[in-house]
Structure formats: structure tokens, C-alpha cells
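Participant: Have a look at this prediction, sequence included:
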Amino acid sequence: MRTLVLAATIALALPTAFAHAAPSARNVGHQAQPPYLTAAIDDPARQADRTDDARRKIAQVMAFAQVKPGDKVLELIPGSGYFTRVFSGVVGPHGHVYALWPNEYAAESASDVANLRKLAKQPHYANVSVLTQPAAQLSAPESVDVVFTSQNYHDYPDKFMGHVDPVALDKQVFRALKPGGVFVVIDHVAPSGSGMSDTDTLHRIDPAIVKQQVESAGFVFDGQSSALRNPADPHTIKVFDKSIRGHTDQFMYRFRKPAK
């Protein structure tokens, strides 16, 4: 039995005000972390990920996403499972993580999909399910509390994904969320005013167009974080360029589905 079950129990016993206030901090330091988040990040099972934690600002990202024990999370295009493993630890045995691969993307990342399926078969990650479905037909097995995507929102309108309409995607995300749930979008910043013109070339997207698209689907903008911003990124080179890879300027937006 993983130690974070105890941590989650302690967290749920905390006063309601603290349980909701702590994850909403814009820049969460180690001292401000709720115990369930600390336990999930420090989980020995993710030892190999720890070298990336400072660079990827895992504590700040998870706090911004406001995920908590018992939540249901839908993670779009989970990649190596870096965030999946932490989500699993945070939501605990009473929550669930649905790691969703669009079929079109899965065809390009077969090894990542296979590795995540292996992960989901481990008892330690029994609360993780791997889903595959057409990119244009997003759905979840149940209503979820959080939909999360990192560095992949810009992929949906591209040719290899079937030119998915981002607004249609956002509407599907809206339907998948519980009232009051949040949609967190992290992506590489493109030049201001560029819209979606760089999605298939530089693999970037203008934050303004993302905000416009998501809000048009019925969401309310609920905040942003500068934790992943990098002013040294010129925004005009591919995110895979060795001079910037792993250190791109990234925006982090949170949108909320109205409670009523």
C-alpha cells in the first residue's frame, strides 16, 4: 500500500479552506505544498523523473491545475507519462487518471503508448487508464474534474491530426468536465498576432488565439501562471532547436466550466 494513501487521508481531513486555497497559489513553494502533492512528487516510483522536476516546475504546474485527492483527470496526449505519474499520486485510490491518445497521434508515438499501457498495468498505477480514440471525437468514460494538456494543444489543427477544429475540441472538453471543472492548457508561445500559423512549422501557438477559442466554447478564463515563461526565447525558432529545446517560453492558462 503506497504511503500517499495516508497522505491523502490527512489532506482530506484538513479544513476545507486550506484544501482549496493551497492549490490555487500562483507560485507554490515547497513550504506551501499540501501534503498529498508533496507525497506524489516524492513518490520513489518516479525516481527517474526527478531530474526534470525543477526545469518542468512540477509543483507549480500541479498546484495551478488544482488537482486534489479523489479527482478524475483527463490528460490529453500524455507523452512519456511524466505528468500522468504525478496525477496518479495526487488523486489517489479514490480518483482516476484517463490518459488519452488520439489515434492519429498514437500512430506517431507507438512506443510512448505501449510504455504507458505497461505503466497502467502496474498495481502502483491501478488508477490510470489509457484511452485511444479519433482526435476529432474526444470523450471521457465519466465526467471529470480536470482536463489537462501540455505542449499539445497546437497539434490538433495540424494535418497529421486531421485538421481538428480547436473550438470543436474545446466544446468536447467542456462537455467532458463536471460543472466547476477546469481545463488547463500549457503550450509553446508563438509571436503575438500569429494565431495558428506556426502550429505545424515551429510547433507553437499564439496564447491569444487559445484564450479566444477556449472562451468561445463557454469557458471562463480562470488564471494564468508565469512559472514556465522564458523571456530569452525568441519565439521564431522550432521548439526542437537545440538552442531552446526543453526551455521554451510556455504559457499556462486555466479555464473553468461555470458551475451553473
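Facilitator: Thanks, I have the structure now. Only a predicted model underlies this, so the values are computations on that prediction, with no experimental measurement involved.
Participant: tell me the helices in the stretch 151-260 of the chain, going along the chain?
Facilitator: For the stretch 151-260 of the chain, applying DSSP state H, counting those that start in this stretch gives helices covering 166-176, 207-216.
Participant: and the ones you listed, which is most packed in?
Facilitator: Neighbour counts (mean count of other Cβ atoms under 10 Å) averaged over each of the helices of the stretch 151-260 of the chain peak at helix 166-176, with a mean of 19. Every C-beta, even on glycine, is put in place using the N, C-alpha and C of the backbone.
Participant: Check which helices and strands that one sits against.
Facilitator: strand 144-150, strand 177-188, helix 207-216 (3 or more Cβ pairs under 8 Å, 6 or more residues apart in numbering; DSSP states H and E).
Participant: Out of those, which is closest to Tyr125?
Facilitator: Of all the helices and strands packed on helix 166-176, strand 144-150 sits nearest to Tyr125, with 16.6 Å by Cβ to Cβ.
Participant: Name every strand pairing with the closest one and say which way it goes.
Facilitator: strand 72-76 (parallel), strand 177-188 (parallel) (DSSP bridges).
Participant: Would you mind getting the angle between the last one and helix 207-216?
Facilitator: In this case it means strand 177-188. When axes from the mean of the first three to the mean of the last three Cα atoms, to 10 degrees is applied, the directions of strand 177-188 and helix 207-216 differ by 170 degrees.
Participant: buried ones in strand 177-188?
Facilitator: Within strand 177-188, the residues scored as buried using 16 or more other Cβ atoms under 10 Å are Leu177, Gly181, Val182, Phe183, Val184, Val185, Ile186, Asp187, His188.
Participant: Show me which of those residues is closest to Gln47.
Facilitator: Nearest member of the buried residues of strand 177-188 to Gln47, counting by Cβ to Cβ, is Ile186, at 23.8 Å.
Participant: shouldn't the closest one be in contact with Pro207?
Facilitator: No - using Cβ atoms under 8 Å, Ile186 makes no contact with Pro207, being 10.5 Å away.
Participant: what is in contact with those two at once?
Facilitator: Common contacts of Ile186 and Pro207 (Cβ atoms under 8 Å, 6 or more residues apart in numbering): Phe251, Tyr253.
Participant: And Gly162, its phi and psi?
Facilitator: phi 90, psi 20 (degrees, to the nearest 10).
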